[in-house]
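**Q** sequence-free structure coming up:
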């Protein structure tokens, strides 16, 4: 297959390169090879390379669904074998991995699956970030193209293009990727009608592609050279620099008619050149030539579209035929295997049936003799378990009652302490009244009377509030007690108040304590709930 359709030959990745016979042969061989891969032990590089080639080939000829499937097979196989690979083997697969990420992202984007596409681009950037290879710049550039082509977000696109350009210019200034990045930056500037900034990038690229050599094919990239020259002509035209546009076009025309370049010129390059030619004629007011060139563009474009549609139909039909043939073949193989399996099973079944019948009769007799004995033993065991469960239940009930008494005693002690503190405050106020003059005494007495009334009212209201709170929070109390049985009654009520989303000041007022005392209570509560420093007490209680 490599001899007939070499992966190093660009024709292998172009639809128009295949005759109908070649297409049938290629697809047949391709699927046979992919079917054989799971049966090959080891040979990681061969298998990964085959999955990658399949994904890239389907991408180039315009079948994103098949491309995605092959790329997913690549990663599934790699992750399944990763633990077996040595460090040197992993390093040898780095370029494969980053290239597959980019192919997979492009496939998702073409199908409108933008979130998955963005995720693959981010994975690729993260994977290549610390690698001193061109792949990191390529990953950034591809993410920029995602924003430019599919999301139409020019500001996001230019950020990644410039970052990629900066890294490539510093580390890989002679790599042809830098030309692609310059094209992308200039294209964004053109869309923004920022022709002055676009012009130097196109000029640099036109000179760059005259001498640059493609790293994979070891030849000059004539289509990119023509594209750069055409873009330069169009930019000069947009800026009103017709003389410079004519000069650049004359140089471009020389490249187009050079016999050494003819075989390398693609249909896309020809269309770009003709568009620049038509625009130049129009700006020179040579409307006749502009019209003739426009007609030529339309005819050429219509012809390409027609051929592309025919090729697409031919490829889809052949792909469907190959797929159906594979399904039919697999069905026949499965049917034959099932029939052979059934015949073999019937013979074994007859022998097994005779042996089993004898054994079953013996087992049945043994079973009947043991059945009553086991039943009696089981009844004795159930009685013992019920007695043990009853004892355990009573013990738990007693322990629960003891714990409840302890919590009530703890709550009583806290309330007693609070009342003692309030009584001490009351005594201090009475002493202050005794030591004051007659005018101040009346004011202080009124203030004291109001404090006492407030205390009576607050105690009464607080008691009523807690009674209602306890009724409404019964299920919450039960859940909280089950999870944390050592909480006191006040701590359970504090949880319930927090659950009502009351702020700290209101909770402190309701409990007749200071905010600082409440913070201390919250700290102790966190320790009993076993919360870490980064867990929020309020959120934890809301989620119970």
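**A** Structure's in. What do you need? Source: prediction; values computed, not measured.

**Q** So for this protein, the centremost residue is which one?
**A** Closest residue to the average C-alpha location of the chain: residue 119 at 4.8 Å, with C-alpha atoms, centre = their mean.

**Q** Check which helix or strand that one maps to.
**A** Assigned by DSSP states H and E, residue 119 belongs to helix 114-128.

**Q** where's residue 172 relative to residue 179, distance?
**A** For residue 172, the distance to residue 179 equals 11 Å [C-beta to C-beta, to the nearest Å]. From N, CA and C alone the C-beta is placed, and that goes for glycine too.

**Q** cool, and residue 262?
**A** Taken as C-beta to C-beta, the span from residue 262 to residue 179 is 22 Å.

**Q** Look at these two and report which has more neighbours.
**A** Shown here are residue 262 and residue 179; by other C-beta atoms under 10 Å, residue 179 has more neighbours (22 against 10).

**Q** Can you get me a residue count around the nearest residue to residue 68 once chain neighbours are set aside?
**A** Nearest residue to residue 68 in three dimensions, chain neighbours excluded: residue 107, at 4.2 Å (C-beta to C-beta, 6 or more residues apart in numbering). Per other C-beta under 10 Å, the neighbour tally for residue 107 reads 26.

**Q** for residue 107, what are its contacts?
**A** Counting by C-beta atoms under 8 Å, 6 or more residues apart in numbering, residue 107 makes contact with 55, 59, 64-65, 67-68, 71.

**Q** quick one: it is in a helix?
**A** Yes - assessed by DSSP: H, G, I helix; E, B strand; the rest coil, residue 107 belongs to a helix.

**Q** Distance check, it against residue 259.
**A** From residue 107 over to residue 259 the distance is 38 Å, taken as C-beta to C-beta.

**Q** for residue 58, same thing?
**A** 35 Å.

**Q** So for those two, which residue has more residues nearby?
**A** residue 58 (23 against 6).

**Q** And the pLDDT for residue 67?
**A** Here the pLDDT value assigned to residue 67 is 90.

**Q** what's the burial count for it?
**A** Using other C-beta under 10 Å, residue 67 is surrounded by 25 other residues.

**Q** That one contacts residue 105, correct?
**A** No - judged on C-beta atoms under 8 Å, residue 67 makes no contact with residue 105 at a distance of 10.9 Å.

**Q** what are the ranges of the helices in the stretch 151-300 of the chain?
**A** Remark: helices assigned in the stretch 151-300 of the chain by DSSP state H, counting those that start in this stretch are 154-171, 177-191, 195-211, 222-238, 242-257, 267-283, 287-435.

**Q** which residue lies farthest from the center of this structure?
**A** Distance from the centre of the chain peaks at residue 438, with 79.3 Å (C-alpha atoms, centre = their mean).

**Q** Contact partners for it?
**A** Residue 438 makes no contacts at all, as judged by C-beta under 8 Å, 6+ apart.

**Q** hang on, the earlier thing: for the contacts of residue 107, pick the one with the most neighbours.
**A** Neighbour counts for the contacts of residue 107 peak at residue 71, which has 28 neighbours (criterion: other C-beta under 10 Å).

**Q** now the host helix or strand of residue 102 and helix 114-128, what's the angle there?
**A** Element membership for residue 102 (DSSP H and E) is helix 94-110. If you take axes from the mean of the first three to the mean of the last three C-alpha atoms, to 10 degrees, helix 94-110 sits at 160 degrees to helix 114-128.

**Q** looking at the chain, which helix or strand is least sure?
**A** helix 287-435 (a mean of 66; mean pLDDT, DSSP states H and E).

**Q** buried residues in the helix or strand just after that helix?
**A** From helix 287-435 onward toward the C-terminus, using DSSP H and E, the following helix or strand is helix 438-472. Judged by neighbour count using 16 or more other C-beta atoms under 10 Å, the buried positions of helix 438-472 are 444, 466, 469.

**Q** ok, then the element right after helix 438-472?
**A** Heading C-terminal from helix 438-472, the first helix or strand you meet, by DSSP H and E, is helix 474-483.

**Q** what's that following helix packed up against?
**A** helix 489-499 (3 or more C-beta pairs under 8 Å, 6 or more residues apart in numbering; DSSP states H and E).

**Q** what angle sits between the helix it packs on and helix 438-472?
**A** Put simply, helix 489-499 runs at 80 degrees to helix 438-472, going by the same axes, to 10 degrees.

**Q** now the angle between helix 474-483 and helix 489-499, please.
**A** Using the same axes, to 10 degrees: helix 489-499 against helix 474-483 is 120 degrees.

**Q** and helix 489-499, average pLDDT?
**A** Averaging pLDDT along helix 489-499 gives 87.
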